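Trainee: Just need the structure, nothing else, for what follows:
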Amino acid sequence: MTDAKLRVAPRTRGAHRTITEALNAAPAGAVISIAPGEYTESFRLVRRVTLVPQHGNGSVTVAVPRAEGPLTVAAPDCLLHGLVLRGGDPDEALLRVEDAAGLTLRECTVSHGRIEVLGSRNVAARPEPPIGDIGLDNDLSAELADPTAGGVLVIRRSKLSASRHTALHLTGDSLARLDDTTIEGIEGIGVAVSGSAVLRADMLRVHGGSGSALRAQGSCRVLLRGSGLFGAGRHGVLVQEEAEALLTDCRVENAGRSAVRTDHTARAEIEESTLADARLAGVDVRDESRVVMRGVRVRGGETGVRLRSTEESVLLHCSVTGQLGNGVELGTGADPRVRGLRVVRSGKHGVFVGESARGTFDHCDVLASAFPAFHVGRAAAPRFRGCRVFDSASDLGLGEGAQPVFEHCASVNVAQPRLPAAGRTAPEQAGPPEPQPPAAPAAGQAADAAAAGRPAPPPPPAETEEETPEESAAPSLPDLLAELNELVGLDGIKQDVGGLVKLMQTVRMRQDAGLPAPPLSRHLVFAGNPGTGKTTVARLYGQLLHALGLLSKGHLVEVDRSALVGEYVGHTGPKTTEAFQQARGGVLFIDEAYALTPEGVSQDFGSEAIATLVKLMEDHRDEVVVIAAGYPGEMDRFISSNPGLASRFTRTLHFADYSTEELVSIVEHHARRHRYELTDAARKALAEYLGSIPRGQNFGNGRTARQLFQRMTERQAMRVAELANPDPTALMTLDETDLP
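Mentor: Next up is the predicted model:
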């Protein structure tokens, strides 16, 4: 190793004027000290070097011109310490670690461009150890010094922000480790891992973002420890294809969809972690994927744990609390192993066992469920051993042909006990169900409702459940119109939907009178920026049509491009058809529908999805309402991309951004819902803060208000933690110092 030291100082005699000039002169192992200032250049590291600021972290900024391409690392064991790296285009790569190269970023700030770590895409398949056997404490020092496979990246005590699509992308057989690193302000995915890459992260924090906080695809491995993923626009952790993820002592909070979702044949292990207040489900397991959960706490959301895979998932000593719908929900054919589960205050059933599902539930407790604690659907045959129900109106509901087995189960303080007496292992077929409390709101509605500043509405039936008598009650037309009018802002939308309701009422009256319905398309385009209440109105629209008798269920199935478009020829048609079939009787809501027609791309599977949709909309014109949503300009391009779309989407509803006053009202609604109070000074400062945010196309509207409230509570918690004996008022008060 050389002791060579070089200086970069444009105005100093004997020093190099640019970083590029110094790199050209540097031998392997050199340390390059950089004088304070901003350097507009891009460079390529072809030898092992260290770049450090001469006068402290943050004093040197490297501004990479868009036309010159990214900073590139092509050598092993390079180090960038204390630098600010700023890209010229948030859509493009700012820093790229090439195959067989290694880089450490220490105490750096990276913004307006993503980091890419490349690996070979043609590596031979090799046996891998179970994800639990991969050493999380490996600091990758050996791999950095001698990267024999893909690129290697280590990031320590650094911050990544203000990029689009993703902040960090690992491909091929690359390796990365993130320690005490923050990612925020991303218009897209926080971290994307694909191929056979391996990501280790310790104390990673991802705040906000319009996409998932972390997405794993291919056969990659992701290991998170002591990390927090907060306020993701989509999923907290999305694990797809053959990928595996391990979360240990992590927090995933306020995800726009599910805290953890697995698709295809993916696998997730979650240990001693907290999943809180996801809009849809704490954990959503689909296709042939599986999850293993140990000591996991799931709070809030529409559903606590939703298992829709026939692969055996395992839940050990987990708690599920405060769901608006079911605590644990088994889809058709699911067969999990559950032990020591505790479900508390579920708005529907504590455990919902779907049609033909099985599963073993050992020593599980359900407390204070609004509907029967255990519901066993048609032809389902689960086994309950040593389970207990406390403080509920009813303990058991049965579907037709259900064959559950109960061993040593008990009910305590249950108004209508139906569990079999001691010694009986199978209950008799239950009689007609007793009247039940009204359904709690679905989490998707709850989150949208909270963003709009109104009480959350009751939900439609879940798309994968067999509707039961306990869940069949639907809100009336006047109640739904009242909910619509309670939304914050959206005056034009309220008027448009009210007019549509009157039109549909006339259609219904003509049908009842034996007259043919007029030629009318119920499909809609919702054009507006993110967070403007599009999903809320879509759910209400489906329920309104159900109340009018024009849809049999009125539920909403929300999809995006990834749910409709396949990865290979012949995959897209069946995938789109499956999503459409799930929406039969209700609303198919296509978020960011314009992504099906990427601008400037002539050959894309999205066109096949559109063609399939157009045919299905014609074949089932009275069974499904399709709502396509997205940015106004992009939606015009989407509709004009196919003549079939233009003929079926004849009406567009425009969702305006919220005003500052309306956003303040939304934050205050979140505060009331979680039993916080804003001081007058906080309210004034909040209005000034929200008024200063640029209102461009990417402004988050209600989502911004929700994320801002979350940040305020985090800062308040840090402030109150320093008080010796805080009183209840202090615990509930948000003041102006809690604004970020």
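
Trainee: use CA for all of it now, contacts and neighbours both
Mentor: Fine.

Trainee: Report how many residues lie close to the closest residue to residue 497 other than its chain neighbours.
Mentor: Distances taken as Cα to Cα, 6 or more residues apart in numbering put residue 541 closest to residue 497, at 7.6 Å, once the chain neighbours are dropped. By the criterion of other Cα atoms under 10 Å, residue 541 has 26 neighbours.

Trainee: Now do the SS call for residue 541.
Mentor: The three-state label given to residue 541 by DSSP: H, G, I helix; E, B strand; the rest coil is helix.

Trainee: State the next helix or strand along the chain beyond the lowest-mean-pLDDT helix or strand in the chain.
Mentor: Lowest on mean pLDDT, DSSP states H and E among the helices and strands of the chain sits helix 443-452, with a mean of 42. Using DSSP states H and E, the helix or strand that follows helix 443-452 in sequence is helix 477-485.

Trainee: After that following helix, which helix or strand is next?
Mentor: By DSSP H and E, the next helix or strand past helix 477-485 is helix 491-512.

Trainee: what's that following helix packed up against?
Mentor: helix 477-485, helix 534-547, strand 652-655 (3 or more Cα pairs under 8 Å, 6 or more residues apart in numbering; DSSP states H and E).

Trainee: Dump the ones you listed to a markdown table, plus distance to residue 251 and mean pLDDT.
Mentor: Putting the helices and strands packed on helix 491-512 into a markdown table (distance: least, Cα to Cα, whole Å; pLDDT from 0 to 100) gives the following:
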| stretch | distance to residue 251 | mean pLDDT |
| --- | --- | --- |
| helix 477-485 | 33 | 80 |
| helix 534-547 | 26 | 89 |
| strand 652-655 | 33 | 88 |
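
Trainee: who wins for proximity to residue 242 among these?
Mentor: helix 534-547 (30.8 Å; Cα to Cα).

Trainee: chain center to that closest one, what's the gap?
Mentor: Mean-position distance between helix 534-547 and its chain equals 22 Å (Cα atoms, centre = their mean, to the nearest Å).

Trainee: Check the helices and strands packed on helix 491-512 for me and report the most buried one.
Mentor: Stretch with highest mean neighbour count among the helices and strands packed on helix 491-512: helix 534-547 (a mean of 24; mean count of other Cα atoms under 10 Å).

Trainee: Which strands and helices lie in contact with whichever helix or strand comes after that helix?
Mentor: Later in the chain than helix 534-547, the nearest helix or strand by DSSP H and E is strand 556-559. The contact analysis (3+ Cα pairs under 8 Å, 6+ apart) places strand 556-559 against helix 534-547, helix 572-582, strand 587-590.

Trainee: Mind doing that once more with 10 Å?
Mentor: helix 534-547, helix 572-582, strand 587-590, strand 625-630 (3 or more Cα pairs under 10 Å, 6 or more residues apart in numbering; DSSP states H and E).

Trainee: taking the mean pLDDT, what do you get for it?
Mentor: For strand 556-559, the mean per-residue pLDDT is 88.

Trainee: So which elements touch the helix or strand following that strand?
Mentor: Reading on from strand 556-559 to the C-terminus, the next helix or strand found by DSSP H and E is helix 561-564. When contacts are defined as 3+ Cα pairs under 10 Å, 6+ apart, helix 561-564 packs onto helix 572-582, strand 587-590, helix 606-619.

Trainee: With respect to residue 526, which of those lies nearest?
Mentor: strand 587-590 (9.7 Å).

Trainee: returning to that earlier point: which among the helices and strands packed on helix 561-564 is found nearest to residue 738?
Mentor: That would be strand 587-590 among the helices and strands packed on helix 561-564, by Cα to Cα, at 36.3 Å.

Trainee: The closest one pairs with which strands, and in what direction?
Mentor: According to DSSP bridges, strand 587-590 forms sheet pairs with strand 556-559 (parallel), strand 625-630 (parallel).

Trainee: and residue 252, bridged to which residues?
Mentor: residue 229, residue 275.

Trainee: what's the distance between it and residue 235?
Mentor: 9 Å (Cα to Cα, to the nearest Å).

Trainee: Between the two, tell me which one has more neighbours.
Mentor: Shown here are residue 252 and residue 235; by other Cα under 10 Å, residue 235 has more neighbours (33 against 29).

Trainee: Surely the more buried one is in a helix?
Mentor: No: under three-state DSSP, residue 235 falls outside any helix and is assigned coil.

Trainee: shouldn't it be in contact with residue 278?
Mentor: Yes: assessed by Cα atoms under 10 Å, residue 235 is found in contact with residue 278 at 8.3 Å.

Trainee: thinking again about what came up before, common neighbours of residue 252 and residue 235, please.
Mentor: 213, 229, 258, 259, 260, 278, 282 (Cα atoms under 10 Å, 6 or more residues apart in numbering).

Trainee: among these, which are in helices?
Mentor: Among the shared contacts of residue 252 and residue 235, no residue falls in helices (DSSP state H).

Trainee: okay, those residues in JSON lines with distance to residue 25 next?
Mentor: Listed next are the shared contacts of residue 252 and residue 235 as JSON lines, based on distance: Cα to Cα, whole Å:
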{"residue": "213", "distance to residue 25": "41"}
{"residue": "229", "distance to residue 25": "43"}
{"residue": "258", "distance to residue 25": "52"}
{"residue": "259", "distance to residue 25": "50"}
{"residue": "260", "distance to residue 25": "49"}
{"residue": "278", "distance to residue 25": "53"}
{"residue": "282", "distance to residue 25": "54"}
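
Trainee: Give me the buried entries from those residues.
Mentor: 213, 229, 258, 259, 260, 278, 282 (16 or more other Cα atoms under 10 Å).

Trainee: Residue 66: what's it in contact with?
Mentor: 41, 42, 87, 88, 89, 90, 92, 93, 94, 113.

Trainee: Angles on the backbone of the spatially most central residue of the chain, please.
Mentor: Nearest residue to the geometric centre of the chain (Cα atoms, centre = their mean): residue 235, 1.6 Å. Phi and psi for residue 235, reported as degrees, to the nearest 10, are phi -90, psi 150.

Trainee: Counting neighbours, what do you get for the residue nearest to it when sequence neighbours are not counted?
Mentor: The shortest distance from residue 235 to any residue other than its chain neighbours is 4.5 Å, reached at residue 212 (Cα to Cα, 6+ apart). When neighbours are counted by other Cα under 10 Å, residue 212 registers 29.
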